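Chemist: coords below, sequence missing:
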């Protein structure tokens, strides 16, 4: 039988500031969806997120500054961003709004990931629904046009971050499609599952497209977006965006809060129960938890450093010098409040310190004064 090493949860006292609750899922929000699957679950979720507060289309310029801002304050454009790398260009909110454009990098505008022509044009509330309107480079947005999303073989055009336009090679559709990069395919998929649920039963007059009948996904698109959602799991970016939109629209994307709802509605439901239990139960992973900072000058992230010889062996990080993730160091975004150190030696004491910081790369600034919190724990045999 296969061995399973369980996470050893160590609730350490890295609590300096009270927990920030602003924008979290309200208690009981999804109670009416409990225990349901298939169409009954989709209908119940529709009733939960229906009748949201409608924003005017012009308000979206300001709204996007809250919902789609990068940690560095720039516009988070999924058509130009390169996660973990350097994007070819970045935009500042307000000053770089379109305008006119003739090439990539000229300006950004408001992209309907679910094209407006598919629901009849500038029709409320779909036209300004923030869950499907995102900032995007104007030129790339024009290349995408109102083509469905899909998977491209030989492309006829490609953006500077690798988004492609060309004929679809996904089974069931062969016309022109637009393919975002892999890191944002899950985001797009969960946008579409939201649209199919928020406007469930309200889409009788929608023109639709090669991808959807009204708001409902055609079979080929459903199968592809299931794969995209499974292949690109919910990110902190999506969670933060979901919370920010809730504060503006007073509704949420259920498939960011509960990705399992996707399989329960459009997939095969829950998997079969395993036939056997695990053996060789041991703790060789350690999970550390803490409560995020609140107040002014919040950290962007935390650096957690580990040693197997003592607290004094943990070096104080240096401002302007970022530390990459490795066996001894883990960077965690603000809001996650936990991290796991893996594949540790059995029966060994490990020591940990946590440092909040703002900025990145040569602009990184660590919090190294005051009470630097620390904890130690010994793994089991």
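Modeler: Structure received. Bear in mind the structure is a predicted one, so any value in this text is a computation, not a measurement.
Chemist: Skipping adjacent residues, who's closest to residue 216 in space?
Modeler: Of all residues not flanking residue 216 in the chain, residue 196 sits nearest, at 5.4 Å (CB to CB, 6 or more residues apart in numbering). For every residue, glycine as well, the C-beta is placed using N, CA and C.
Chemist: repeat for residue 131
Modeler: Here the residue nearest residue 131, using CB to CB, 6+ apart, is residue 194, at 5.0 Å.
Chemist: which stretch of helix or strand covers the one you found?
Modeler: Per DSSP states H and E, residue 194 falls inside helix 185-198.
Chemist: With residue 227 instead?
Modeler: Element membership for residue 227 (DSSP H and E) is helix 219-231.
Chemist: List the contacts of that helix.
Modeler: With contacts defined as CB atoms under 8 Å, 6 or more residues apart in numbering, helix 219-231 is touched by 148-151, 170-173, 182, 185-186, 188-190, 192-193, 211-212, 217, 255, 259, 262-263, 266-267.
Chemist: could you redo the last one with a cut-off of 6 Å?
Modeler: 170, 172-173, 185-186, 189, 192, 211, 262, 266-267 (CB atoms under 6 Å, 6 or more residues apart in numbering).
Chemist: what do you get for stretch 240-258?
Modeler: With CB under 6 Å, 6+ apart as the test, stretch 240-258 has contacts from 23, 25, 45, 49, 52-53, 63, 66-67, 130-131, 190, 193-194, 234, 238, 261-262.
Chemist: average pLDDT for stretch 46-64?
Modeler: Averaged across stretch 46-64, pLDDT comes to 97.
Chemist: List the buried residues for it?
Modeler: For stretch 46-64, a neighbour-count test (16 or more other CB atoms under 10 Å) marks 46, 48-49, 52, 55, 60, 63-64 as buried.
Chemist: what's the answer for stretch 178-197, then?
Modeler: Buried-residue list, stretch 178-197, by 16+ other CB under 10 Å: 178-181, 183-197.
Chemist: what about the stretch 201-350 of the chain, any weak spots by pLDDT?
Modeler: Across the stretch 201-350 of the chain, the ranges flagged by pLDDT under 70 are 269-274, 276-283.
Chemist: where along it do the strands fall?
Modeler: Secondary structure of the stretch 201-350 of the chain (DSSP state E, counting those that start in this stretch): strands at 212-213, 216-217, 279-291, 301-307, 329-333, 338-341, 349-358.
Chemist: quick one: strands adjacent to the first one?
Modeler: With DSSP bridges as the test, strand 212-213 is paired with strand 216-217 (antiparallel).
Chemist: How about residues contacting the strand it pairs with?
Modeler: residue 196.
Chemist: Just the ones in helices from the buried residues of stretch 46-64, please.
Modeler: 46, 48-49, 60, 63-64 (DSSP state H).
Chemist: could you redo those residues as TSV and give each row distance to residue 100?
Modeler: Supplementary listing: those in TSV, determined by distance: CB to CB, whole Å:
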residue	distance to residue 100
46	39
48	41
49	36
60	19
63	23
64	19
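Chemist: Specify which member of these is nearest to residue 32.
Modeler: residue 48 (6.2 Å; CB to CB).
Chemist: got the buried residues of stretch 46-64 as JSON lines, with distance to residue 300 columns?
Modeler: Shown next, in JSON lines, are the buried residues of stretch 46-64 (distance: CB to CB, whole Å):
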{"residue": "46", "distance to residue 300": "36"}
{"residue": "48", "distance to residue 300": "32"}
{"residue": "49", "distance to residue 300": "30"}
{"residue": "52", "distance to residue 300": "30"}
{"residue": "55", "distance to residue 300": "27"}
{"residue": "60", "distance to residue 300": "25"}
{"residue": "63", "distance to residue 300": "22"}
{"residue": "64", "distance to residue 300": "20"}
